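In: Here is my input, please return the structure:
(chains A and B)
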Amino acid sequence: MELLILDGAMGTMLQKSGIDPGRWPDTLSITHPETVESIHRAYAESGADVLYTNTFGANRKKLSGSGFSVKDVVRASVECAKRARGDRNIRIALDVGPIGAMLEPNGTLAFDEAVDIFKEIVVSGEENGADLVVFETMTDLYEVKAALLAAKENSRLPVWCSMTFEQNGRTFTGCSVEAMAATLEGLGADALGINCSLGPEEILPIAERLCANTRLPVFVKPNAGLPDPATGEYAIDACDFASLLAPYCELGVFAIGGCCGTAPEYIRALSDLKDRRRERPLPPRKSLVCSALRCVEINDVTVIGERINPTGKARFKQALREGDIDYVLAQAIEQADAGASILDVNVGLPEINEKEMMQRVVKELQAVCDLPLQLDSTRADVLEAGLRVYNGKPIVNSVNAEQKSLDAILPLCRKYGAAVVGLTLDENGIPASAEARFALAEKIVTQAMEYGIPREDIFIDCLTLTASAQQAEVVETLRAVQLVKEKLDVKTVLGVSNISFGLPCREIINTSFLTLAMAHGLDLPILNPNNAAMMSAIDAFRVLYNRDRGSAEYIQRHANTPAAAPAGQNHQEISLRDAVLQGLKAPAADAARRALSAASPETLINDVLIPALDAVGNDFETGRIFLPQLLQSAAAAQSAFEIVKSALAVSGTSGPTRGKIVVATVKGDIHDIGKNIVKVILENYGYHVIDLGRDVPVETVVEAVRRYDVRLVGLSALMTTTLPSMRDTIAALRDAGLPCKVMVGGAVLTPSYAEQIGADFYAKDAKASADIAKEVLG
Amino acid sequence: MTDEIQICREDLAALWKGIAPETIEQVCQKVEAAAQPRWTYAEYSCGELSSLWLGNDIRRHLAGCSRCVLIAVTLGVQTDRLLRRAGTADVVQQALFDAAASALIEAWAAHAEASLRDIYRKRALYLTRRFSPGYGDFPISGQPEFLRLTGAEKKIGLTVTDTCILVPRKSVTAVCGIADHPVTGTLAGCATCALRETCKRRKEGIPCGTFDS
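Out: Residues are numbered from 1 along each chain as shown, chains lettered A, B, ... in the order given. Prediction:
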């Protein structure tokens, strides 16, 4: 098969043409069309089969201020390429680069806005006659996902996706080649590539990895070597460039071209390689899920953490109701530290907006935790909301054998490239026998494959029944796992802990069942990774089944484990007051636990915690202690407060509250330490704080104040550029006629500016905000 | 680039009185391990960037320099992830990790500046101290232009929000004037500082707008 030759650099050629490309090089297609056209023509005459349009930065964010619209620039650019093509058999690729802003939550660009920005470009490109779309020089997998979705949802053009890597095989944002392949192949890219940043020599090993991990066609566009940092000159000439690209023919890439530093002579030199392309052997398929940062191949027992789920957890339910995302994140980090490989995410609670919550939790989780996620809901709309904003290749939990479920869930998995858990039940419930469950599994696998989901992305859950209620059927689950594994050749998943419901010492039953299930072929146990016995059972299984070679991992994990932890206190008992004064977290929590057996939560807060905090606050104000000590005391009080909260959640009461306060870092600002400190201090003083996070839109603040009937709002802004946003938020609250007071704080804020923008209070620090709260709410 | 740029433990400990030295050490190691420092620079004539020099302080700083070098430095987005992750533990961790990361980006900015000083010294040229958007009356609204002029988005993965905040969070842009004779430039004092009304350091009589050496 003939190698396809792509064109070379546009930017480099524009610079050479003597025209200052200025801030908006893409607009040269309008202002200097003959120059752009002549560059295209030079590439066409040098043998390029594909011309990339001069639209790399033609998005509405980058063009802002240029005086030209995306439509105009795209039209003019495609026209330049078309004229240069003449009647040659050349394809025109609509070239699309990064937006230039980081997506939330790292930056402030919303995922949906990114999709919309790309949509605008792609639609214009297709209208004007581009033959394909190429997203290139991408470093953020999340942004490529937005781009690819935009293209697939709004055009019929083939889409090529090319990312830029550093020599370690990761992009600036940490995305690996493997994660790129798994994610973009699932999302329906038509070809995958690597371009820019490095020369052909450096890209080769990365391209080899890409070829080993995708069944899609692969293309490369290296730079002309590495630039001299002082002069910006590239190191490799046209002749060397072509010889360095020869190994790519062996590798079996379908297209090659040049990026920065290349010119028409480089492309001409490539034409010698045209008939040297080898057929590429496609890599074997594997079961793999990923985040942008971490791939998890399911080729051994792989633990899915079950803790992000409100079922039966009063404190978790409370966190969801109050939008306390930090609590959810802490559950994720704890499970990651405990050894989970994948996290199940279920935020289903009747009284909350599950769809919104799923999106928020997925976005926040992927900003702190590298583990791939398993999106868990009974509702297709919730699953789609999560799938859309997930950065990587997730698992969907779940579909079942009911036709309605198959038709609703499987197309989503196909569209978003997710693996899927299939439950062996249907409208008639869970069949008793292993054979009947197998039949349902077979139906699910068949239909999933008909929908285009590959076998290795289908995981079957034969469903754990409770031993105390359906003892006879426990073994049917195990047999079903074995049947599915052997006859359908798919991965198996089971929620383990349900087995022991209603029995004492559940750990004994859970651990034994887990071991039996693994022996019957369980790949993906869903369990609580914080449970050492269960995790140890997996370690042991891997030794006994000769998977942990030489017992290396077992030894590493267990060689220094004491036989049994001695009972009793790890630290000296000290009073709650002293623990807070000294800023000791764990002792404060213990002291709160002890104190709760004798005193009510109200007494604890009013008679112990608040006086202790007042004492700390006074010491801070008079300069006897400094911010670190104040924060440590606040954190200690917080840990005590968390115990009180859990106790209250279990008892089902909302507990004592001195009033509700909304806090937020305003739109456009992403500094939240100050706001978070204020939140902790206010909570310590017994206020119910509704934390809206950072970069919070004006209308979200207004809506929260209205919905929760709040009388005090705390707004934070750190930068001169985000103060206007604070002013707008206050104005919107006033316009809405909401009877709330507003306190403001932040580094660049002054009392006079606070007054000027209509705030009721200026809080110079966290302590001051507590004083204001007391004045307003009592 | 060297990996030997470290957070100064003593400085951090002095700011964080009451935190155990081993805690400080652990935090510093985690921040240093997560950081993926990258920096880049580009030289221009001061004249062609006239639209960038807003405010008096930057003009005063570059006085007598016909050319300048723009610098962009970042610790990368993995540091942001670490900070968010640490922040879920409690506010102490959040603030401490943030402070450590700030110290590290400052150290890298100083390293970039020193490296450039060496490079230019070999050409018998001298650099002023570095001056960043946000110092004195030099507004941060110039950040997008800074990134364009240094090619920092493509070269080191540095971006800017609509509100001119750099992302990744722990990043610095700065400019040094270039001269054929020894120069220092003039750092902004308190007079035009955005924090002048509320600054504690100023009240305590130890303003930051003085050269440390």
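In: And stretch B:171-182, how far out from the chain middle?
Out: Offset of stretch B:171-182 from its chain centre (C-alpha atoms, centre = their mean, to the nearest Å): 12 Å.
In: ignore the last one, stretch A:300-319
Out: Put simply, stretch A:300-319 sits 18 Å off its chain's centre (C-alpha atoms, centre = their mean).
In: Pull out the buried positions in that stretch.
Out: A:301-310, A:313-319 (16 or more other C-beta atoms under 10 Å in any protein chain shown). Yep, even glycine has a C-beta here, placed from its N, CA and C like the rest.
In: What of stretch A:237-244?
Out: A:238, A:240-242, A:244.
In: got these as CSV, with pLDDT and distance to chain B columns?
Out: As requested, those are arranged in CSV below (pLDDT from 0 to 100; distance: C-beta to the nearest C-beta, whole Å):
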residue, pLDDT, distance to chain B
A:Ala238, 96, 23
A:Asp240, 96, 23
A:Phe241, 97, 20
A:Ala242, 97, 25
A:Leu244, 97, 22
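In: Whichever helix in chain B runs longest near chain A at all?
Out: The residue-count maximum for a helix in chain B (DSSP state H) belongs to helix B:91-122. Yes. Looking at helix B:91-122 against chain A by C-beta under 8 Å from any C-beta of the partner chain, the contacts come from B:91-92, B:94-96, B:98, B:119.
In: The residue nearest to A:Ala432 when sequence neighbours are not counted and chain B, how far apart?
Out: Excluding its sequence neighbours, the residue lying closest to A:Ala432 (C-beta to C-beta, 6 or more residues apart in numbering or on different chains) is A:Glu473, at 5.6 Å. According to C-beta to the nearest C-beta, to the nearest Å, A:Glu473 and chain B sit 41 Å apart.
In: hang on, the earlier thing: among the residues of helix B:91-122 next to chain A, the buried ones, what's the ChimeraX command?
Out: Applied in ChimeraX, the following selects the buried portion of those according to 16+ other C-beta under 10 Å:
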select /B:91,92,94,95,96,98
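In: Show me which of the residues of helix B:91-122 next to chain A is closest to B:Arg130.
Out: B:Ile119 (14.1 Å; C-beta to C-beta).
In: Give me the distance between the closest residue to chain A within chain B and A:Thr139.
Out: Nearest residue of chain B to chain A, counting by C-beta to the nearest C-beta: B:Gly157, 3.0 Å away. Separation of B:Gly157 from A:Thr139 (C-beta to C-beta, to the nearest Å): 6 Å.
In: Now do the same contact list for the closest residue to B:Ala112 other than its chain neighbours.
Out: The spatially closest residue to B:Ala112, leaving aside those adjacent along the chain, is B:Trp39, at 4.4 Å (C-beta to C-beta, 6+ apart). Contacts for B:Trp39 (C-beta atoms under 8 Å, 6 or more residues apart in numbering or on different chains) come out as B:1, B:71-74, B:108-109, B:111-112, B:156.
In: Nearest to A:Asp49 among those residues?
Out: Nearest to A:Asp49 out of the contacts of B:Trp39 is B:Ile156 (C-beta to C-beta; 33.1 Å).
In: Read off the pLDDT value for that closest one.
Out: Per-residue confidence (pLDDT) for B:Ile156: 95.
In: What's the separation between the spatially most central residue of chain B and B:Gly134?
Out: Per C-alpha atoms, centre = their mean, the C-alpha nearest to the average position across chain B is that of B:Val172, at 3.9 Å. Distance of B:Val172 to B:Gly134, given as C-beta to C-beta: 10 Å.
In: which stretches of the chain have low pLDDT?
Out: Picked chain A for this. Counting by pLDDT under 70, the ranges of chain A that qualify are A:562-572, A:654-656.
In: Correction: the question concerned chain B.
Out: In chain B, residues with pLDDT under 70: B:1-3, B:204, B:206-213.
In: Give the full set of residues in contact with the residue nearest to the residue of chain B closest to chain A when sequence neighbours are not counted.
Out: Once flanking residues are discounted, B:Gly157 sits nearest to A:Phe172: 3.0 Å by C-beta to C-beta, 6+ apart. Going by C-beta under 8 Å, 6+ apart, A:Phe172 touches A:139-140, A:164, A:166, B:36, B:38, B:76-77, B:156-157.
In: For those residues, pick the one with the most neighbours.
Out: B:Val77 (28 neighbours; other C-beta atoms under 10 Å in any protein chain shown).
In: hang on, isn't that one packed against B:Ser171?
Out: No. The pair B:Val77 / B:Ser171 is not scored as a contact, 9.9 Å apart, by C-beta atoms under 8 Å.
In: Helix, strand or coil: sort out the residue nearest to A:Ala432 for me.
Out: What DSSP: H, G, I helix; E, B strand; the rest coil gives for A:Glu473 is helix.
In: what's the neighbour count on A:Gly65?
Out: A:Gly65 is flanked by 9 other residues according to other C-beta under 10 Å.
In: Give me the phi and psi angles of A:Leu581.
Out: Main-chain torsions, A:Leu581, degrees, to the nearest 10: phi -60, psi -40.
In: Test my guess that B:Thr79 contacts B:Ala100.
Out: No. B:Thr79 lies out of contact with B:Ala100 (C-beta under 8 Å); the separation is 9.9 Å.
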